[in-house]
Structures are given as structure tokens and as C-alpha cells.
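**Q** this one's sequence-less:
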């Protein structure tokens with residue numbers, strides 16, 4: 001039996017989705033907030049996720065991007081009232097497999113889910129808590145703690161740190177970091193990487209102790 005997760009804060013829309021999919025024999029779970037949806041999807045046992053783009057506590061595209069960032073390939077149908085081309089492109093580039101504009105007919109939604117079911121990979125468990133010594137990065141709660149103290153990181157700083165922690169012990173060039181975090185081609189003239197790494201160092205390192213992030217002259221950075 002296919003298992004579907006619907007992340008939707010509108011009660012009526014969520015009800016219609018559940019009714020339509022359940023009538024065809026699917027097992028459907030519902031999450032009403034982004035954070036609840038993130039926690040459920042990270043369990044890795046769904047065949048398809050239907051996802052409202054605009055959620056009150058966590059943007060839907062953040063959920064998709066996090067899924068793809070940790071290697072989760074579960075097909076995602078993004079649903080949104082934003083119908084212009086640029087918005088649809090953003091949804092697909094973030095990692096969505098299909099984009100459905102609201103309002104939609106239950107029949108079209110069901111047909112799109114059926115198509116995505118044909119693409120589904122085998123279920124995989126993913127790592128959602130990264131650790132390096134006393135430093136922890138929680139992908140589900142979007143929190144970073146050092147010695148049990150929560151750190152105040154900006155979203156881009158969080159993504160830079162996540163990329164570094166996933167590649168601990170590996171020399172990371174500025175090009176690698178830029179293209180992984182910003183998703184576009186690296187501009188050698190920009191100092192964005194150095195600025196963000198400098199801010200991270202101030203937040204995750206303690207003066208007098210061994211640095212977590214080391215500069216490798218002529219190459220880039222080494223974490224760990």
C-alpha cells in the first residue's frame with residue numbers, strides 16, 4: 001500500500017487530499033505545520049510527499065531543499081497558490097518533482113501522485129543529526145548547539161556549516177562551498193565565502209582552543 005505524507009496547513013484542502021487518496025487505497029499521514037512535516041518526512045518511510053509551499057512556521061521549499069541536501073530522493077509534489085513561472089521554477093529547482101497550482105481538482109492531484117509513485121526510490125533512512133565533538137547540528141529542528149548552548153546562526157551560515165560538517169576532514173575549496181550552498185557558479189571576485197566562514201568561526205569556536213575551521217592556504221578550508 002503506497003504511503004503518502006501531506007504537509008498542508010489548510011484544513012479543508014488537507015481533508016480533500018486525504019479523502020481522495022484514501023479512497024484509492026493509499027495510506028495518508030497529515031502534518032499541519034512545516035516543522036511537524038519535517039520531522040515526519042525525515043523518518044524516510046513515505047512513497048510520495050505532497051507539500052504546501054507556504055507554511056506558517058517553515059517554508060515548504062526549505063523542507064524540500066533539506067530533503068535533497070541529506071540525500072533523500074522521495075518524490076515531492078509542491079502545491080501553491082503562486083502560479084507564475086518564476087515561482088514554479090523555484091519550486092522545481094529547490095528539489096520538487098512536480099508543481100501543482102491551487103486551486104486544483106482532486107482528479108489532477110491524484111493523477112500527479114500516481115505519476116510520482118512510478119518514480120519512487122526504495123526507502124532510505126537519512127542522517128538528521130550531525131556531530132563533531134561538542135558541536136551538534138540538528139536538521140529537523142534547524143538548530144545548532146555547542147556544549148548544549150544554542151547558537152544563533154543565519155540560514156546561510158547554517159547551510160555552510162552543514163556542508164562543512166558533512167565533509168569533515170576534507171579540504172573544501174571556495175568553489176565547492178559556493179556552488180553547494182548558493183547553487184550557482186562561483187565568482188572568484190566575491191568574498192561571500194570568507195565573510196560567512198569568518199562569522200561561523202566567531203560563533204562555533206572558543207578562543208584558546210583548537211580551531212574547528214582551518215584555512216588551507218591556496219586551497220580553501222578544512223573542518224574538523
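**A** That came through fine. Just so you know, these numbers come straight off a predicted model, no measurement behind them. Numbering: from 1, shown residues only.

**Q** Domain ranges for the chain, per the record?
**A** Annotated domains of the chain cover 3-119, 129-223 [automatic domain parsing].

**Q** looking at these, which is buried most?
**A** Burial of the domains of the chain is given as mean neighbour count (mean count of other CB atoms under 10 Å); domain 3-119 ranks first at a mean of 18. From N, CA and C alone the C-beta is placed, and that goes for glycine too.

**Q** So for that domain, mean pLDDT?
**A** For domain 3-119, mean pLDDT is 88.

**Q** which stretches of the protein form strands?
**A** Ranges of strands within the chain are 3-7, 27-31, 48-52, 76-80, 98-101, 129-132, 135-138, 143-146, 149-151, 171-173, 213-216, 220-223, based on DSSP state E.

**Q** Taking strand 48-52 as reference, get the angle to the fourth one.
**A** This points to strand 76-80. Taking axes from the mean of the first three to the mean of the last three CA atoms, to 10 degrees, strand 76-80 and strand 48-52 form an angle of 20 degrees between their directions.

**Q** can you list the strands of the chain in a markdown table and add distance to residue 20?
**A** A markdown table is the format used below for these (distance: least, CB to CB, whole Å):
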| stretch | distance to residue 20 |
| --- | --- |
| strand 3-7 | 10 |
| strand 27-31 | 9 |
| strand 48-52 | 11 |
| strand 76-80 | 13 |
| strand 98-101 | 13 |
| strand 129-132 | 35 |
| strand 135-138 | 34 |
| strand 143-146 | 36 |
| strand 149-151 | 41 |
| strand 171-173 | 46 |
| strand 213-216 | 49 |
| strand 220-223 | 46 |
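
**Q** How about the contacts made by the residue nearest to the spatial centre of the chain?
**A** In the chain, the residue lying closest to the centroid (CA atoms, centre = their mean) is residue 66, at 1.2 Å. By CB atoms under 8 Å, 6 or more residues apart in numbering, residue 66 lies in contact with 38, 139.

**Q** For it, give its distance to residue 72.
**A** 8 Å (CB to CB, to the nearest Å).

**Q** same thing with residue 205?
**A** In this view, residue 205 and residue 72 are 31 Å apart by CB to CB.

**Q** quick one on the thing from earlier: and residue 118, which of the strands of the chain is closest to it?
**A** Among the strands of the chain, strand 48-52 comes nearest to residue 118, with 10.2 Å by CB to CB.

**Q** Which neighbouring elements make contact with the closest one?
**A** In terms of contacts (3 or more CB pairs under 8 Å, 6 or more residues apart in numbering; DSSP states H and E), strand 48-52 is packed against strand 3-7, helix 34-41, helix 60-69, strand 76-80, helix 106-119.

**Q** Quick check: neighbours of that strand in the sheet, parallel or antiparallel?
**A** Sheet pairing of strand 48-52 (DSSP bridges) gives strand 3-7 (parallel), strand 76-80 (parallel).

**Q** These into TSV, with extra columns for distance to residue 97?
**A** TSV is the format used below for the strands paired with strand 48-52 (distance: least, CB to CB, whole Å):
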stretch	distance to residue 97
strand 3-7	14
strand 76-80	5
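
**Q** still on that earlier bit, so for residue 164, which of the strands of the chain sits nearest?
**A** Proximity to residue 164, assessed across those by CB to CB, is greatest for strand 220-223 (3.9 Å).

**Q** Thank you, goodbye.
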